[in-house]
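*Asks:* Return atomic coordinates for the entry below.
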Amino acid sequence: MSAQSEGNYAEALQNYYEAMRLEIDPYDRSYILYNIGLIHTSNGDHTKALEYYFRALERNPFLPQAFNNMAVICHYVRLSPL
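*Replies:* Next up, the predicted model:
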């Protein structure tokens, strides 16, 4: 998480992908997926962010911050000019 907080998103993504490879608990995996979604949101890749938020919710349907971020993305995309 240090890399993410420092804005080094490429390194953070590598760390999260490695964590996904090692982690077996669905609850813990949901937070890893959520954090991957955060990085994609920060990078402006909304489609990929939504995918990771959805995957996080599949493992943990009680993750309100993922629902919130999905709603914000949908609102932003709907209002942005094409």
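*Asks:* where does the chain dip in pLDDT?
*Replies:* The model of the chain has pLDDT under 70 over residues 1, 79-82.
*Asks:* what helix or strand does the most centrally placed residue in it sit in?
*Replies:* Centrality entry for the chain: nearest residue to the mean C-alpha point is Gly37, 1.4 Å, by CA atoms, centre = their mean. Using DSSP states H and E, the element containing Gly37 is helix 26-42.
*Asks:* Quick check: the gap between the residue nearest to the centre of the chain and Gln4.
*Replies:* 12 Å (CB to CB, to the nearest Å). Placement of C-beta: from N, CA and C, glycine included.
*Asks:* try Asn68
*Replies:* The gap separating Asn68 from Gln4 is 18 Å, by CB to CB.
*Asks:* the helices in this structure, which residues?
*Replies:* Using DSSP state H, the helices found in the chain span residues 2-5, 9-22, 26-42, 46-59, 64-79.
*Asks:* if we can go back for a sec, for the helix holding Gly37, list the C-alpha coordinates in CSV.
*Replies:* C-alpha atoms of helix 26-42 as CSV (Å, rounded to 0.1, in the frame of the first residue of the first chain):
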residue,chain,number,x,y,z
PRO,A,26,-12.3,-14.4,-0.4
TYR,A,27,-12.8,-11.5,2.1
ASP,A,28,-9.2,-10.4,1.9
ARG,A,29,-9.2,-10.9,-1.8
SER,A,30,-12.1,-8.5,-2.0
TYR,A,31,-10.0,-5.7,-0.5
ILE,A,32,-7.1,-6.4,-2.9
LEU,A,33,-9.5,-6.2,-5.8
TYR,A,34,-11.0,-3.0,-4.4
ASN,A,35,-7.6,-1.4,-4.2
ILE,A,36,-6.8,-2.5,-7.8
GLY,A,37,-10.1,-0.7,-8.7
LEU,A,38,-8.9,2.4,-6.9
ILE,A,39,-5.7,2.5,-8.9
HIS,A,40,-7.6,2.1,-12.2
THR,A,41,-10.0,4.9,-11.1
SER,A,42,-7.0,7.1,-10.4
